[in-house]
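In: model this:
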Amino acid sequence: MKLLVESQYFPPVTLFRMSIRFSNVNFDIYEPWRKMSFRNRCVVVGSNGPINLSIPVVEGREQKKLMKEVMIDNQKPWQSQHFKTITSCYNRSPWFSFFEPELDALYRQPVDRLSDWNRICFEWVTKKLGVAIYVDYSQYVPGKNGQGEVVDWRNKLTPKSIKNEFPDPVKYHQVFEDRIGFIPNLSVLDLLFCEGKNAGRILSAGA
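Out: As a prediction, this is how the structure comes out:
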């Protein structure tokens, strides 16, 4: 079985749980760009609640390109801004200092295509989680892979649907949980900074 999903920026915890369950993921970078998705957005949490981190794209949100063709607008200092926000949110988390040097280096890496950046982020997290996930970026053609072999999650996990259609989130202790309560399905970065080396085990147990 293969999980088919669109390319996402430091995806929600739920996607990593499903990726581990299938252990075989096809990121469809040949599908049309869509706004209001996790393609260029991830969600972290600060003391006042969730914070959206959005990557600016050339030609804006209304463009009609394939995902693999979408270019990042690097005229804007989004990498430094995102890393600054992540640091502000998680500098008191148990594991942030452990991952900070590598994450800092990642956010200094120049990348032009959004799909390339998302691939780098996914592979970095997978390595830190210590889990085995086979990842493919080839074009998916309906019917070519046979019946019953692919579970299509494209456009299923969105900033809107994630609040209502995924009622069984992975549970763990969050930095600001005592103040604002548990916030489900944040970016996998939240789980990684809060649970560190236990994050992979937590996801595997829920898969």
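In: show me what contacts Pro110?
Out: Counting by C-beta atoms under 8 Å, 6 or more residues apart in numbering, Pro110 makes contact with Asn74. In this view, the C-beta of every residue, glycine as well, is placed from N, C-alpha and C.
In: And the helices in the chain?
Out: With helices called from DSSP state H, the chain shows them at 13-22, 78-90, 96-107, 114-129, 177-180, 188-195, 199-206.
In: Out of those, which is the most enclosed?
Out: Most buried of the helices of the chain, by mean neighbour count (mean count of other C-beta atoms under 10 Å): helix 188-195, with a mean of 25.
In: So for Leu103, what's the pLDDT?
Out: With respect to pLDDT, Leu103 scores 98.
In: these two touch, right, it and Phe83?
Out: Yes: contact criterion C-beta atoms under 8 Å: Leu103 and Phe83 qualify, at 7.1 Å.
In: Determine the residues that are contacts of both of the two.
Out: What both Leu103 and Phe83 touch, as defined by C-beta under 8 Å, 6+ apart, is an empty set.
In: coming back round to it: tell me which of the helices of the chain lies nearest to Ser47.
Out: With C-beta to C-beta as the criterion, Ser47 lies closest to helix 177-180 of those, at 6.4 Å.
In: what about the closest one, distance to the chain center?
Out: From the chain centre to the centre of helix 177-180 is a distance of 23 Å (C-alpha atoms, centre = their mean, to the nearest Å).
In: which residues are contacting that helix?
Out: Here helix 177-180 has contacts from 45, 47-49, using C-beta under 8 Å, 6+ apart.
In: If you rank these by neighbours, which is first?
Out: Val45 (21 neighbours; other C-beta atoms under 10 Å).
In: separation between that one and Ser19?
Out: 22 Å (C-beta to C-beta, to the nearest Å).
In: So for Lys156, which of the helices of the chain sits nearest?
Out: When the helices of the chain are compared by C-beta to C-beta, helix 13-22 sits nearest Lys156, at 9.8 Å.
In: who's in contact with that closest one?
Out: Counting by C-beta under 8 Å, 6+ apart, residues outside helix 13-22 touching it are 1-3, 5, 8, 25, 125, 129, 131, 133, 151, 153, 157, 162, 166, 169-170, 184-188, 190-191, 200, 203-204, 206-207.
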